[in-house]
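In: Give the three-dimensional model of this entry:
(one chain, ligands or ions: 1)
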Amino acid sequence: MNIETLVRENIRKLKPYSAARHEFSGTASVFLDANENAHDVHGGALNRYPDPLQAAIKLQLSELKNVQPESIFLGNGSDEAIDLLFRIFCEPGVDEAIICPPTYGMYQVQADIHATPVKKVLLDENFGLRTGAIMEAVSPKSKLLFLCSPNNPTGNLMAVNDIEFLLKNFPGIVVVDEAYIDFAKGAASWAERLAEFPNLVVLQTLSKAWALAGARLGMAFASPAIIDLLNKVKYPYNLGLPTQKAVLAVLDKTDIRPVIDGILKEKEKLEEALHQFELVEKIYPSDANFLLVKMQNSALVFNALKERGVIVRDRSKEPLCDGCLRITIGTEAENDLLLKQLNIVAKFIGRPNKISPAK
Ligand SMILES: Cc1ncc(COP(=O)(O)O)c(C=O)c1O
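Out: Numbers count the residues shown, from 1 in each chain. Now for the predicted structure:
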């Protein structure tokens, strides 16, 4: 597949902004090229523009993820990469994207921002991909296909065979969003198979397992051709110096596995405890750090919990998610508090007026 033919003409022809620091690579003692304030007034070199291509972080991530630095794009959250993919591949009002609800809401939001028509192919009743229906939805204008694995909000990994089939048959870019992959025990990342599929973009993030949501760092792994396009279109200095420093300070010094294992243990505990509630009808299998829970009176439970200071995510309006709340696995204390409040709510569920506000 020739990726160039998928790219919007204006982007193909685009002469990107050349940042001052792009044009120089070497050692110098005086930088008078970027109209910065030469005085480090606040300390920490915040007076200087950061590395536009974040080379140091990419080197660390390259080892951690076993992906070549030239196959890594870094953005202000993986949401930035989603935005840029629309900018690169979808002519507004013309080119189409395919999404598979129920799934992460930003694919639709970004499509709407870019005036990109979206075809929705629902997951099946087990939240698996309907590959045949996806291929039937394909038109000559289909440019992006978003797959989320493990999927938000359903929590399940998508079948390897299905993703492989779509990578081989979808005539555009296949985005596999792996925001929750670090919680999926034993699952391999699709980033390992970049060399096989020139149309594959894998998204990951430091916002979930890595406990760095506040830093804002998302990754896209893809062929160097696609990474070059992402770099061409992004803001020149898209990751601030504080983010770059914070990430560099922790990435190769932190063993995040024990933290992840702790969250997975808590997930098991919470799942067991939730099963004891009569109003819990079903807890879907989860490869992520959250549970999708089907409940009786879900709207009432959601609101009563909210009034008692416990916020979960109401997904009951999503297709195939009738009566479902999505519950993130918190700390042990947070999960205990959720259960305590749910107990109180459950006792009064037939008599909603009696649910007293939290003390
Ligand atoms: C599936 C999925 N992809 C991407 C993101 C966004 O992550 P980031 O914080 O890197 O923008 C989220 C956040 O909830 C998500 O659930």
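In: Tell me how the chain divides into domains.
Out: For the chain, the structural domains run 3-250, 257-354, going by automatic domain parsing.
In: The shortest one and the ligand, are they touching?
Out: No. No part of domain 257-354 sits near the ligand under the criterion CB under 6 Å from any ligand atom; the closest distance found is 8.5 Å. Bear in mind the C-beta positions are built from the backbone N, C-alpha and C, glycine included.
In: List phi and psi for S142.
Out: Per-residue torsions, S142: phi -70, psi 120 (degrees, to the nearest 10).
In: okay, it: pLDDT?
Out: Looking at S142, its pLDDT is 98.
In: Same question for P352.
Out: In this prediction, P352 has a pLDDT value of 47.
In: what does A28 give?
Out: Confidence score, pLDDT, at A28: 81.
In: Let me know how buried it is, in neighbour terms.
Out: Neighbourhood size, A28 [other CB atoms under 10 Å]: 9.
In: what does K143 give?
Out: For K143, using other CB under 10 Å, the count is 24.
In: and it, what are its phi and psi?
Out: Main-chain dihedrals, K143, degrees, to the nearest 10: phi -110, psi -40.
In: just C324 next, same as before
Out: phi -100, psi 130.
In: ok, it to the ligand distance?
Out: 16 Å (CB to the nearest ligand atom, to the nearest Å).
In: so who does that residue touch?
Out: 153, 292-295, 298, 315-316, 318 (CB atoms under 8 Å, 6 or more residues apart in numbering).
In: give me that answer again for 6 Å
Out: 292, 294, 315-316 (CB atoms under 6 Å, 6 or more residues apart in numbering).
In: so can I have TSV of these showing secondary structure and pLDDT?
Out: Output for these, formatted as TSV (DSSP: H, G, I helix; E, B strand; the rest coil; pLDDT from 0 to 100):
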residue	secondary structure	pLDDT
L292	strand	98
K294	strand	98
R315	coil	98
S316	coil	97
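In: Just give me the closest of these to F302.
Out: Distances from F302 to these, taken as CB to CB, are shortest for S316 (7.8 Å).
In: burial count for the closest one?
Out: Counted with other CB under 10 Å, residues neighbouring S316 total 16.
In: what's the answer for R8, then?
Out: 19.
In: Relative to I256, how far out is the closest residue to it other than its chain neighbours?
Out: Spatial nearest neighbour of R8, excluding adjacent residues (CB to CB, 6 or more residues apart in numbering): E91 at 5.2 Å. From E91 over to I256 the distance is 40 Å, taken as CB to CB, to the nearest Å.
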